[in-house]
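**Student:** Here you go, sequence then predicted model.
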Amino acid sequence: MDVILVTGGAGFIGSCFVRLALRETGARVIVLDALTYAGHRASLDGLDAGGRFELVHGDITDRALVDRLLAHHRPHWLVNFAAESHVDRSIDGPRAFVHSNTLGAFELLESARAYTASLSGPARDNFRLLHVSTDEVFGSLGPTGAFSETTPYDPSSPYSATKAAADHLVRAWHRSFGLPTLVTNCSNNFGPRQFPEKLIPLMLLNAIEGRDLPIYGDGGNVRDWIYVEDHCEGILAVLERGRPGETYNLGGGNERTNLEIVALLCRLLEDRLPARDNPALRARGLASYAGLQTRVADRPGHDRRYAIDGQKARRELGWTPRHTFEQALAETVAWYLANRAWCATVTGGQYDRERLGLNSGAAS
């Protein structure tokens, strides 16, 4: 039986990919996750797959552990989702991002290099290491244009800088050592099981509870959004049909300002949980979710616009997102309304949706 080792598989995108891989590939899936605040066992609840799934608690910087997992399970694919990913947290404490995102990628590459040296024949030919990255490594766009696979890197935050460093390491290990690597750069993901520090789940949960909906700056920052299931299907396509050494951009083609996102969320919530029936809003004397919107100081170094050119993935891999933005966002709202217990479990005692990334000047 084929084996896939998924690092960071208890996180938002990683757990979605694990479910997809179990459903579509017939492979055994081994998850390695440090189970920090954003990676939680609850995101993998219900997975058994007839013994085809295993969760290992550990850090990708633990070289000895990764070496043992590779030697024991003999995976044909290694997919790296393991990362600290929230820009605001990287401003408050960049050290953890350097540790996980850059040092972690280095240790993983070295483990994979030693492992592939032990392989021969089809096992060596078919091995792939796919590193999942972000469009934020490219910096900020003007009012027009889109990021392609050849766009120069220009990261603005500690998060994007550490991801950019990892991307460069992955490419260097392919060119210098022949490691069969792949890199994907994606646009903003949304969907079920996203830790509620990110825009969409944060605004959803705050609105349900009648809390303020804090919008950074003028609210005009633009992101290209992709539904997490579409993204994971793209990753699977890259693993199956991508050329080693190549980079593939996976974008949703759904550019929206933050103001537009919040307004749409308010309308979708009104359809499913009308403000008049929400005691939290009545307690504040508000007749609509839109009344919760408030402007706050902008994020330091806030990129203005991201957009992904996904033509290469469409042309070479035949991949394209299946969901419309409106359909996927409605499904996301419905999931969070039906899974409040999951939200309470993953945030309990460690995050109360407070503002992060205020650049207090304290070193990490």
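**Tutor:** That came in fine, so what should we check first?
**Student:** all strands of the chain, in order?
**Tutor:** In the chain, the segments counted as strands under DSSP state E are 3-7, 28-33, 53-57, 77-80, 128-134, 181-186, 188-190, 213-216, 222-227, 247-250, 255-257, 293-296.
**Student:** possible to save those strands as JSON lines with distance to Thr116?
**Tutor:** Yep, even glycine has a C-beta here, placed from its N, CA and C like the rest. Shown next, in JSON lines, are the strands of the chain (distance: least, Cβ to Cβ, whole Å):
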{"stretch": "strand 3-7", "distance to Thr116": "13"}
{"stretch": "strand 28-33", "distance to Thr116": "17"}
{"stretch": "strand 53-57", "distance to Thr116": "20"}
{"stretch": "strand 77-80", "distance to Thr116": "10"}
{"stretch": "strand 128-134", "distance to Thr116": "9"}
{"stretch": "strand 181-186", "distance to Thr116": "10"}
{"stretch": "strand 188-190", "distance to Thr116": "29"}
{"stretch": "strand 213-216", "distance to Thr116": "44"}
{"stretch": "strand 222-227", "distance to Thr116": "31"}
{"stretch": "strand 247-250", "distance to Thr116": "20"}
{"stretch": "strand 255-257", "distance to Thr116": "39"}
{"stretch": "strand 293-296", "distance to Thr116": "48"}
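**Student:** which residues touch stretch 155-171?
**Tutor:** Stretch 155-171 is contacted by residues 83-87, 89-91, 94, 97-98, 100-102, 104-106, 109, 129, 131, 133-134, 136-140, 153, 181, 183, 185, 245, 247, 301-303 when judged by Cβ atoms under 8 Å, 6 or more residues apart in numbering.
**Student:** can you check stretch 331-344 too?
**Tutor:** With Cβ under 8 Å, 6+ apart as the contact definition, stretch 331-344 has outside contacts at 42-43, 190-193, 196, 200-201, 204-205, 208, 227, 265, 268-269, 272-273, 323.
**Student:** With stretch 85-92 instead?
**Tutor:** The contact list for stretch 85-92, computed with Cβ under 8 Å, 6+ apart, reads 11, 38, 84, 96-97, 134, 136, 157-160, 162, 197-198, 299-301, 355-360, 362, 364.
**Student:** Let me see the mean pLDDT of it.
**Tutor:** Stretch 85-92 carries an average pLDDT of 90.
**Student:** Return the distance of it from the chain's centre.
**Tutor:** Computed by Cα atoms, centre = their mean, to the nearest Å, the chain-centroid distance of stretch 85-92 equals 14 Å.
**Student:** For PyMOL, write the selection for the buried entries among the contacts of stretch 85-92.
**Tutor:** Selection of buried members from those for PyMOL, criterion 16 or more other Cβ atoms under 10 Å:
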select buried, resi 11+38+84+96+97+134+136+157+158+159+160+162+197+198+299+301+356+357
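**Student:** what's the average pLDDT for stretch 103-112?
**Tutor:** Averaged across stretch 103-112, pLDDT comes to 98.
**Student:** Same question for stretch 69-77.
**Tutor:** Stretch 69-77 shows a mean pLDDT of 98.
**Student:** what's the closest residue to Ala307 other than its chain neighbours in contact with, if anything?
**Tutor:** Closest residue to Ala307 in three dimensions, ignoring its sequence neighbours and counting by Cβ to Cβ, 6 or more residues apart in numbering: Ala146, at 4.1 Å. Applying Cβ under 8 Å, 6+ apart to Ala146 gives the contacts 224, 251, 307-309.
**Student:** okay, those in CSV with pLDDT, distance to His73 and neighbour count next?
**Tutor:** Formatted as CSV, the contacts of Ala146 follow (pLDDT from 0 to 100; distance: Cβ to Cβ, whole Å; neighbours: other Cβ atoms under 10 Å):
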residue, pLDDT, distance to His73, neighbour count
Asp224, 96, 36, 23
Gly251, 95, 32, 28
Ala307, 96, 39, 21
Ile308, 96, 33, 26
Asp309, 96, 36, 18
